[in-house]
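Asker: Would you be able to build a 3D model of this:
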Amino acid sequence: MAKSKKEQQNNIVLDAENRTDGLAALVAKKLNKKFDGGNQLVYFLGEPECSPTDIPGWVSSGATLMDIAVANQVNGGFPIGKIVELQGLSSSGKSLVGAHVLASMQKQGGIAVFIDTENSASREFLNVIGVNLEDLIYISPPPELNTVEDIYQMIEDTIIMVRENDKNTPMVILLDSLSAASTRLEMESAADGKKDGFKKDGWSTAKALVNSKAMRKLPPLFAREKVLFVVTNQLKHKMDAVWGDQYTTPGGLAIGYHSHIRIRLQQAATIKDANGMVTGNYIKAKVLKNKVAPPFKEVAFPLYYESGIHDDLSLFYFLKDNNMMQASGAWYTLKAPCLQNKDGESQEQIKFQAKSWCDILDDNPGLREYVIQIISDKLHTTYRKRTKEDVAQDNIVDELQPDD
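Answerer: Below you'll find the model as predicted:
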């Protein structure tokens, strides 16, 4: 007797539930064989083998708070194999954070490439924050090659040349900045115009088209070759924007669409010394997009013109702003069960003034690790299913977020 359509569907469901992964393994083997171009095509994410979507490592941004906000874990940072966009207005710390990433990669034994389209790198400053200038691959394109077409070709060629001699060492490529790069169409238009060259322009969409093409081609290369691509981009005011996000980034939407992480940097305050001279800025960083951890986390850190990011002070300000230590006048009290007194007994808490915070961290290495851990616990988001009680407490806020 012929089975009804409903019985056939039920049998299909039962077969799928009882079936082993033999069929999946067979399909994977045949696909890898059919599309064998030198790279594996099919992976099983439940197995320990490393796939292009896995993160082989993290590179510190120089700011522990931003590392935790991006990676959702201690000892995080920017993920190798992914694309990170740093956006912000002028003097918001984009280039400086990028320079810290170069230094962090070199400290890990990786390869650092710096593409400077603005010709604004400072040897002295890079040296101060820890960049090894002798090993840094510094690329300063001449005017005729300072176009997005040539820059993306430089990036691809650099990766290929490195991998011909070294297969596994991770790389970071910093492009500072995308907005300063022109297009071939724009350069040719200026050259053809002779005296009136600057009055003539290429198509306004030329850079967007090139960025879109490059972002369809390069991300798989970054993932497979263990390359962290960090690009800085300037914010521009939207025309006639009266509500929502007032800013946008030049060069179309491709960079934002393909970026795994987008961070907006913004000046929050000015830092002055005892003489009233401006020595730095207090920078707020907001993660607008994050495909490796929960987004929309905000942190802040002090940035000094002569020395870069002051990481220890950022920890102090976070504890203070989030009421994680008690304040009484000029004195602060922090619970620190990790510390011990002279008799080897737990000290439970430590009392100090703000001016002695950095010295206390230097004298007690375990305290720094403890502080970073409790801050991470504060910023950490645990992946889990939301319960009915959680949903009942949620609020829907009618607030427009910046475009992804």
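Asker: all helices for the protein, in order.
Answerer: Using DSSP state H, the helices of the chain run over residues 5-18, 22-34, 64-71, 94-107, 123-128, 148-165, 184-192, 206-224, 254-258, 311-321, 357-363, 365-379, 388-393.
Asker: among those helices, which is nearest Lys238?
Answerer: helix 254-258 (14.1 Å; C-beta to C-beta). Placement of C-beta: from N, CA and C, glycine included.
Asker: who does that closest one touch, helix- and strand-wise?
Answerer: Using 3 or more C-beta pairs under 8 Å, 6 or more residues apart in numbering; DSSP states H and E, the elements in contact with helix 254-258 are strand 83-88, helix 206-224.
Asker: Ok, which of these comes nearest His380?
Answerer: strand 83-88 (20.2 Å).
Asker: Give me the angle between the closest one and helix 64-71.
Answerer: 130 degrees (axes from the mean of the first three to the mean of the last three C-alpha atoms, to 10 degrees).
Asker: what's strand 83-88 packed up against?
Answerer: By 3+ C-beta pairs under 8 Å, 6+ apart, strand 83-88 packs against helix 94-107, strand 227-234, helix 254-258, strand 261-272.
Asker: And it, how far out from the chain middle?
Answerer: What separates the centre of strand 83-88 from the centre of its chain is 7 Å, taken as C-alpha atoms, centre = their mean, to the nearest Å.
Asker: and that strand with strand 261-272, angle?
Answerer: Per the same axes, to 10 degrees, the angle that strand 83-88 makes with strand 261-272 is 40 degrees.
Asker: So what are the sheet partners of strand 83-88 and their directions?
Answerer: strand 227-234 (parallel), strand 261-272 (parallel) (DSSP bridges).
Asker: Could you identify which of those is most buried?
Answerer: Ranked by mean neighbour count under mean count of other C-beta atoms under 10 Å, those are led by strand 227-234, which reaches a mean of 24.
Asker: pull the CA atoms of that one into CSV?
Answerer: The C-alpha trace of strand 227-234 is given here as CSV (Å, rounded to 0.1, in the frame of the first residue of the first chain):
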residue,chain,number,x,y,z
VAL,A,227,46.1,39.4,8.0
LEU,A,228,44.5,42.0,10.2
PHE,A,229,43.5,45.0,8.0
VAL,A,230,43.0,48.2,9.9
VAL,A,231,41.7,51.2,7.9
THR,A,232,41.2,54.7,9.2
ASN,A,233,38.4,56.9,7.7
GLN,A,234,37.3,60.4,8.4
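Asker: Can you name the residues in contact with it?
Answerer: 59, 78-90, 94-95, 98, 101, 105, 155, 159, 170-179, 218, 221-222, 249-251, 255, 259 (C-beta atoms under 8 Å, 6 or more residues apart in numbering).
Asker: Can you give me the end-to-end span of stretch 40-57?
Answerer: Taking C-alpha to C-alpha, to the nearest Å, stretch 40-57 runs 21 Å from one end to the other.
Asker: Equivalent analysis for stretch 66-83, please.
Answerer: 16 Å.
Asker: again with stretch 33-49
Answerer: Terminal residues of stretch 33-49 lie 18 Å apart, using C-alpha to C-alpha.
Asker: buried residues in that stretch?
Answerer: Buried residues in stretch 33-49, counting neighbours by 16 or more other C-beta atoms under 10 Å, are absent.
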